[in-house]
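Predicted coordinates and the sequence they were generated for:
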Amino acid sequence: MAKCHANRTRHGVTHDCEFYDEVKDDPITDIGQPTWGYLSAYFPMREALLAGTASITEPMLIFQAGLETVVIPEAQDELCDKVNETHADLCRIEVFPNDFHEIFNELDRAVAVTKMLEFFDEALAAD
């Protein structure tokens, strides 16, 4: 699977080169890069989230990219494990081993959409 010629700091990276060519010059899709402000807000929020996992009562689905370069998959695992310590099977992780961070921009995005819709159907049926 070839990587497109994307600039990681502007538009991410995708295996769908046709999609990338459509959005690469669109200022609406130009998300920039993380700022110091973002990072200074992230770390306290992360600690608060991990400390409060017992209060999470709604089902969670986390999509995890196997070729992740933006977030730390182990942190996603840690969050999901902590939620499941209090509420068994409330959090689930779906791994897309050949995808980059922006899973919904990948070639197999239909699989991600299907998994998401199935998750919603399950969660709504449980209510």
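In hand now; what should we look at?

Moving C-terminal from the one helix or strand in the chain whose mean pLDDT sits lowest, which element do we reach first?
When each helix and strand of the chain is scored by mean pLDDT, DSSP states H and E, helix 8-11 comes last, with a mean of 45. Moving toward the C-terminus from helix 8-11, the next helix or strand (DSSP states H and E) is helix 17-23.

How many residues are close by Leu107?
15 (other C-beta atoms under 10 Å). Bear in mind the C-beta positions are built from the backbone N, C-alpha and C, glycine included.

what's the distance between it and Asn84?
31 Å (C-beta to C-beta, to the nearest Å).

Quick check: buried residues in the longest helix along the chain?
Looking across the chain with DSSP state H, the single longest helix is helix 109-126. Neighbour counts over helix 109-126 (16 or more other C-beta atoms under 10 Å) mark Arg109, Ala112, Lys115, Phe119 as buried.

in stretch 91-103, what's buried?
Buried-residue list, stretch 91-103, by 16+ other C-beta under 10 Å: Cys91, Phe96, Asp99, Phe100, His101, Glu102, Ile103.

And stretch 48-63, by the same measure?
Buried, per 16+ other C-beta under 10 Å, within stretch 48-63: Thr53, Ile56, Pro59, Met60, Leu61, Ile62, Phe63.

hang on, Glu94 in a helix?
No: read with DSSP: H, G, I helix; E, B strand; the rest coil, Glu94 is strand and lies in no helix.

ok, it - contacts?
Neighbouring residues of Glu94 by C-beta atoms under 8 Å, 6 or more residues apart in numbering: Leu61, Ile62, Phe63, Gln64, Ala112, Lys115.

Then Pro59?
Leu90, Cys91, Arg92, Phe119, Glu122, Ala123, Ala126.

Distance of it relative to Val95?
For Pro59, the distance to Val95 - C-beta to C-beta - is 18 Å.

remind me which residues of this structure are low pLDDT?
1-13, 28-34 (pLDDT under 70).

wait, isn't Arg92 in contact with Cys80?
Yes: contact status for Arg92 versus Cys80: in contact at 7.3 Å, counting by C-beta atoms under 8 Å.

can you tell me how far Thr69 sits from Lys115?
22 Å.

I meant Thr53, not that one.
23 Å.
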